[in-house]
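Engineer: Mind looking at a prediction? Sequence and model below.
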Amino acid sequence: MTTREQAKNQRRHAIMDAARSLMQSSGSAGFSMRALAERAGVSIATPYNLFGSKQAIMIAILEIEMQDYRDRLEQLRANPVDALFHAVTIATARYQGDPGFYRALLFSIYNDGGTEFRSMFSGSSHAIWCSLVADARAAGLLDETVEPNAFSMILEHLFFGCLLEWVYGKLNMDELELRVQYGFALAMLGVASSSTAPSLRERIVKAQSAIWTLWKRQAGTVGAA
């Protein structure tokens, strides 16, 4: 990499770091490009020259987040079915650790709904879930008739439907994770091998109980008959 390319790369990262900092401090992606440039220590033209638009900056940040998420999943040491549930826990822990940033980032990108986002996010995300499902089938934990692409789409819709409710303030993170874990277990139970089904049923029972307890707590009725 040439010195010029290194400097350009450094400016790109400075801009993305500045965008992250602004979202963390405000909980919103509503900052101006001028404010972004000032925070990054670059000219007002530089973000446009390097990215083209604010939305492109958001997508670049999300790409980095997705790569870091993939790296975390590669470190998992669990059977493939358990790995699907661990993947949910890893994701929700990330969101819980920096909720203002992730809400702002996801709200900005989902709200835009651009084709670039749909292509990048669905492609990267789908590859992760599809690989996990394929591993579970190959290990004999899911029925051999399961088509990984089709089945992973169902899991993705379940996860991201709940995630959107969190982004819009309709769910807290505890309930989001419980709902997704519950939905995953129910979906997989229908195609689970005989050796996998008992553990999925156990997950279902525990998730149902936890969701019900959470709802009662939120309603202030814990302990009521």
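Structural biologist: The structure has been received and is ready for your questions. Please read these numbers as outputs of a predicted model, since none were measured by experiment.
Engineer: From the chain's centroid, how far away is stretch 78-87?
Structural biologist: With C-alpha atoms, centre = their mean, to the nearest Å as the basis, stretch 78-87 stands 16 Å off its chain's centre.
Engineer: average pLDDT for it?
Structural biologist: Across stretch 78-87, the average pLDDT comes to 93.
Engineer: which residues are in contact with it?
Structural biologist: Contacts with stretch 78-87, where a contact means C-beta atoms under 8 Å, 6 or more residues apart in numbering, come from 73, 76, 128-129, 132-133, 135-136, 138-139, 141-142, 155, 181, 184-185, 188, 192, 196, 199-200, 203. For the C-beta atoms, the positions are set from N, CA and C on the backbone; glycine is no exception.
Engineer: Let's see the pLDDT reported for the residue nearest to the spatial centre of the chain.
Structural biologist: The residue lying closest to the centre of the chain (C-alpha atoms, centre = their mean) is residue 91, at 5.3 Å. What the model reports as pLDDT for residue 91 is 93.
Engineer: Name the helix or strand for the residue lying closest to it once chain neighbours are set aside, please.
Structural biologist: Leaving out its chain neighbours, the residue that sits closest to residue 91 by C-beta to C-beta, 6 or more residues apart in numbering is residue 69, at 6.7 Å. Assigned by DSSP states H and E, residue 69 falls within helix 54-74.
Engineer: So which bits of the helix or strand following that helix are buried?
Structural biologist: Using DSSP H and E, the helix or strand that follows helix 54-74 towards the C-terminus is helix 80-97. Neighbour-count burial for helix 80-97, counted by 16 or more other C-beta atoms under 10 Å, picks out 80-88, 91-92, 94-95.
Engineer: Out of those, flag the one nearest to residue 28.
Structural biologist: Closest approach to residue 28 among the buried residues of helix 80-97 (C-beta to C-beta): residue 95, at 16.1 Å.
Engineer: can you tell me how far that closest one sits from residue 103?
Structural biologist: 8 Å (C-beta to C-beta, to the nearest Å).
Engineer: residues of the host helix or strand of residue 38 that come out buried?
Structural biologist: Residue 38 is part of helix 33-40 when elements are defined by DSSP H and E. The neighbour-count check on helix 33-40 (16+ other C-beta under 10 Å) flags 33, 36, 37, 39, 40 as buried.
Engineer: Return the mean pLDDT over whatever helix or strand comes next after it, rounded to an integer.
Structural biologist: Per DSSP H and E, the first helix or strand lying C-terminal to helix 33-40 is helix 45-51. Summarised as a single mean, pLDDT over helix 45-51 is 95.
Engineer: Give me the contacts around helix 45-51.
Structural biologist: Residues contacting helix 45-51 (C-beta under 8 Å, 6+ apart): 8, 11, 12, 15, 33, 36, 37, 40, 54, 57, 60.
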